[in-house]
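Visitor: take this sequence and fold it.
(one chain, ligands or ions: 2)
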Amino acid sequence: MNPPPPQSVIYSQALALLKTPQAEQGYQMLKQLADQGFEPAQLRLGEMFARGQFVPRRADLAKQYLNPLLNQQSLPATLLLSWLAMEELDKKECQRILNHYKPPYHPKLLHLMGLLMISRAPEVALDYFAQGVAQLDLDSSFAYLACGQEFGLQLDNKRAQIAWQKVQASHYPLLQELKVDSWQTIDKTERELQPINLELASQIGPSQVLNHAPIVVLTPNCVTLAERAHLIRLASPSMQRAEVIRTVGHNQGQASNVRTNSSMFLSVKEKDVVAADIEQRVAQACHQPHENGEPFNCLNYQVGQEYQYHFDYFAEELASSQSYLKFGGQRVVTGILFLNHVAQGGETELPKLKIKQSPVPGAVLSFHNVDELGQPDERSLHAGLPVIAGEKWVATRWFRANKRENH
Ligand SMILES: O=C(O)CCC(=O)C(=O)O
Ligand SMILES: [Fe+2]
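Guide: Ligands and ions are numbered 1, 2, ... in the order given. Presented below is the predicted three-dimensional model:
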């Protein structure tokens, strides 16, 4: 009798089957391997349940498969578990997972841990980025310089030089926001990394009220330069010509002249622990429950591109709106996070309220799309005006009336 094929062979067969009509068989093979303790299968199944690939999304099952891998110092398991914890607003658990991973740290982890700390304790974040720079990591290099600049921190001469060489040779987003002569550099001795502490207070605001009834608010300083660059980097690979869900006379999801920019939802496929953290800050700035929010819709406008006057609420008279309304109800509040400085044009205009807001990098503009009775409010009419010079990046979050079931 032939010996059974090695686990790695069964594993490859199972993965191949997932993409065929025999997906169920592939899933059962994976499950068996995972239950036998085969780590690649545990990781793959954990990721499938975390992201809802091939199977319905189930955070509890994802955790069941991924948690044992923490003891093996698995980087992907650490990243997935910390992202799930952050999505569930469980900062303590996120902290526990990240601190479970012991040095030497992977540069990707150093970068993400730094980003999680930057708006809470920038000097702690800087130490994480510095170690990423020592490993010649591009993301950490940008974040090191950006963090030093934004918070007026002193950088190590050698590290700053290495980081600058690295980013200069790349097309890093927001590179032009780095001001080469603004870093204070000295020779610094290496400091030990402090454990991640996500409970430190993070300050948002104070907000500026642009209109009282209906309320329109601008909240500056919600997101740092390094975080803005990170969001753009996450969104970039999947940007495509924007689709407008509902425009009268257009089929749902069809590309439209109302909106000439490109867009993507930063949903479970692209999201990471940092994006999940920033989502929560936007919810805070909009005074809305995080659970009611859709994932970020990231928009990019090149010169001449715009998003013409429109409403964000679902028009109840349209049949297509009913399916959107079923999961969470109406889009009651819009929060627009400005990700960069636009050289000219690109203002967000609410013409009925006489508001024309130029993008303020890192700020959130929020307004209500419904009135006190929850009915669509036409005063929320708005547009993203054409970009005249430069380009424009925003990340929009729409908050529903209720919790969204299928996040
Ligand atoms: O880009 C803007 O200023 C407006 C974006 C917008 O209206 C939206 O995302 O719904
Ligand atoms: Fe809008």
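
Visitor: closest point of the stretch 1-150 of the chain to ligand 1, which residue?
Guide: Residue nearest to ligand 1 within the stretch 1-150 of the chain: residue 87 (21.8 Å; Cβ to the nearest ligand atom). C-beta coordinates here come from the backbone N, C-alpha and C atoms, glycine included.

Visitor: revised request: answer the last question for the chain.
Guide: Nearest to ligand 1 in the chain, going by Cβ to the nearest ligand atom, is residue 384, at a distance of 2.9 Å.

Visitor: how about that residue, what does it touch?
Guide: For residue 384, the contact set (Cβ atoms under 8 Å, 6 or more residues apart in numbering) comprises 261, 299, 301, 306, 307, 346, 347, 348, 392, 394.

Visitor: what about 6 Å?
Guide: Contacts for residue 384 (Cβ atoms under 6 Å, 6 or more residues apart in numbering) come out as 306, 307, 348.

Visitor: filter these by proximity to ligand 1?
Guide: With the criterion set as Cβ under 6 Å from any ligand atom, the members of these near ligand 1 are 307, 348.

Visitor: most neighbours of all the contacts of residue 384, which one?
Guide: With neighbours taken as other Cβ atoms under 10 Å, the top of the contacts of residue 384 is residue 307, carrying 24 neighbours.

Visitor: any idea of the pLDDT on the closest residue to it other than its chain neighbours?
Guide: Closest residue to residue 307 apart from its sequence neighbours, by Cβ to Cβ, 6 or more residues apart in numbering: residue 384 at 3.7 Å. Looking at residue 384, its pLDDT is 97.

Visitor: how close does residue 384 sit to residue 263?
Guide: 11 Å (Cβ to Cβ, to the nearest Å).

Visitor: kindly report the same for residue 2.
Guide: In terms of Cβ to Cβ, residue 2 sits 53 Å off from residue 263.

Visitor: then residue 62?
Guide: 28 Å.

Visitor: same thing with residue 302?
Guide: Residue 302 is 13 Å from residue 263, by Cβ to Cβ.

Visitor: ok, now residue 143?
Guide: 25 Å.

Visitor: out of those two, which sits in the more crowded spot?
Guide: Neighbours were counted for residue 143 and for residue 263 using other Cβ under 10 Å; residue 143 has more, 32 against 22.

Visitor: for the residue lying closest to that one once chain neighbours are set aside, what are phi and psi?
Guide: Of all residues not flanking residue 143 in the chain, residue 226 sits nearest, at 4.0 Å (Cβ to Cβ, 6+ apart). Phi and psi for residue 226, reported as degrees, to the nearest 10, are phi -60, psi -40.

Visitor: and for stretch 55-68, what's in contact with it?
Guide: 34, 42, 45, 46, 48, 49, 50, 77, 80, 81, 84.

Visitor: mind redoing it with 7 Å?
Guide: 27, 34, 42, 45-46, 48-50, 77, 80-81, 84, 268 (Cβ atoms under 7 Å, 6 or more residues apart in numbering).

Visitor: go on, stretch 389-407?
Guide: 231-232, 279, 282, 286, 288, 291-294, 296-303, 312, 327-340, 342-346, 359, 374.

Visitor: check those one by one and keep those near ligand 1.
Guide: Subset of those in contact with ligand 1: 297, 299, 312, 334, 336, counting by Cβ under 6 Å from any ligand atom.

Visitor: contact partners for the first one?
Guide: Under the criterion of Cβ under 7 Å, 6+ apart, the contact list for residue 297 reads 263, 265, 396.

Visitor: low-confidence ranges, this protein, go.
Guide: 1, 202, 240-257, 405-407 (pLDDT under 70).

Visitor: quickly check the contacts of stretch 55-68 for the two that are furthest apart.
Guide: The most widely separated members of the contacts of stretch 55-68, counting by Cβ to Cβ, are 27 and 81 (21.3 Å).

Visitor: of these two, which one has the most company?
Guide: Neighbours were counted for residue 27 and for residue 81 using other Cβ under 10 Å; residue 81 has more, 27 against 17.

Visitor: please name the residues that touch the more buried one.
Guide: Per Cβ under 7 Å, 6+ apart, neighbours of residue 81: 63, 66, 67, 70, 97.

Visitor: now residue 121
Guide: Going by Cβ under 7 Å, 6+ apart, residue 121 touches residue 200.

Visitor: check the one 3 residues further on too.
Guide: Residues in contact with residue 124, defined by Cβ under 7 Å, 6+ apart, are 117, 194.

Visitor: element containing it, please.
Guide: helix 122-134 (DSSP states H and E).

Visitor: can you list the buried residues in that helix?
Guide: Neighbour-count burial for helix 122-134 flags 122, 124, 125, 126, 127, 128, 129, 130, 131, 132, 133, 134 (criterion: 16 or more other Cβ atoms under 10 Å).

Visitor: close to ligand 1: what parts of the stretch 301-407 of the chain are there?
Guide: 307, 312, 334, 336, 348, 382, 384, 394, 396.

Visitor: ok, the residue most central in space within the chain to residue 178 distance?
Guide: The residue lying closest to the centre of the chain (Cα atoms, centre = their mean) is residue 275, at 2.7 Å. Distance of residue 275 to residue 178, given as Cβ to Cβ: 22 Å.

Visitor: go on, residue 118?
Guide: Distance, residue 118 to residue 178, by Cβ to Cβ: 15 Å.

Visitor: who has more neighbours out of these two?
Guide: Neighbour comparison, residue 118 and residue 178: the larger count goes to residue 118, with 28 against 20 (by other Cβ under 10 Å).
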